[in-house]
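**Student:** no sequence on this one, just coordinates:
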């Protein structure tokens with residue numbers, strides 16, 4: 001599992017940097033300021049949680065277990081739901097997509113709790 005979460009973290013980090021550059025250069029002229037800011041929040045959270053996935057991968061070498069694995073998958077799901085919904089909202093302007101972001105946020109919070117719990121119990 002440690003290797004898988006390192007791979008997912010690396011790929012998510014790569015994608016976050018690429019999307020950040022895309023937003024800064026290609027979207028600046030195409031999106032209004034509010035939608036661009038929404039896109040940038042998605043990128044920020046994706047990059048932060050790419051690092052969290054690397055932390056889960058490292059933690060798996062010290063405290064392997066189901067709670068830590070659940071935390072890693074919660075980070076993956078949370079990033080897809082939170083950042084993904086903000087990206088989709090930015091591109092489409094469909095405000096209802098904003099209702100998906102809190103579900104992703106809950107998953108991200110759960111990931112942090114699982115990481116902390118695994119360290120506490122480890």
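**Tutor:** Sure, I can see it. The model shown is predicted, which means the values in this text are computed figures rather than measured ones.
**Student:** give me the pLDDT value at the closest residue to residue 36 other than its chain neighbours.
**Tutor:** Once flanking residues are discounted, residue 36 sits nearest to residue 27: 6.0 Å by CB to CB, 6 or more residues apart in numbering. Backbone N, C-alpha and C define where each C-beta goes, glycine included. pLDDT for residue 27: 91.
**Student:** same question, residue 19
**Tutor:** So, for residue 19, pLDDT stands at 97.
**Student:** the one 5 residues further on now?
**Tutor:** Residue 24 is assigned a predicted lDDT (pLDDT) of 91.
**Student:** next: residue 93.
**Tutor:** 89.
**Student:** can you count the residues close to it?
**Tutor:** 13 (other CB atoms under 10 Å).
**Student:** wait, what's in contact with the most centrally placed residue in the chain?
**Tutor:** Note on the chain: the residue nearest the mean C-alpha position is residue 79, at 2.9 Å, using CA atoms, centre = their mean. For residue 79, the contact set (CB atoms under 8 Å, 6 or more residues apart in numbering) comprises 12, 45, 46, 49, 50, 104, 108.
**Student:** let me know the closest of the residues you listed to residue 4.
**Tutor:** Nearest to residue 4 among these is residue 12, at 12.3 Å by CB to CB.
**Student:** state the helix or strand in which the closest one lies.
**Tutor:** Element membership for residue 12, per DSSP states H and E: helix 2-22.
**Student:** touching that helix from outside, list them.
**Tutor:** By CB under 8 Å, 6+ apart, helix 2-22 touches 39-40, 42-43, 46-47, 49-54, 56-58, 60-61, 64, 72, 76, 79, 87.
**Student:** and that helix, what's buried?
**Tutor:** Residues of helix 2-22 classed as buried: 2, 4, 5, 6, 8, 9, 12, 13, 15, 16, 19, 20 (neighbour count, 16 or more other CB atoms under 10 Å).
**Student:** so residue 29, which of the three states?
**Tutor:** At residue 29 the chain is in coil, as set by DSSP: H, G, I helix; E, B strand; the rest coil.
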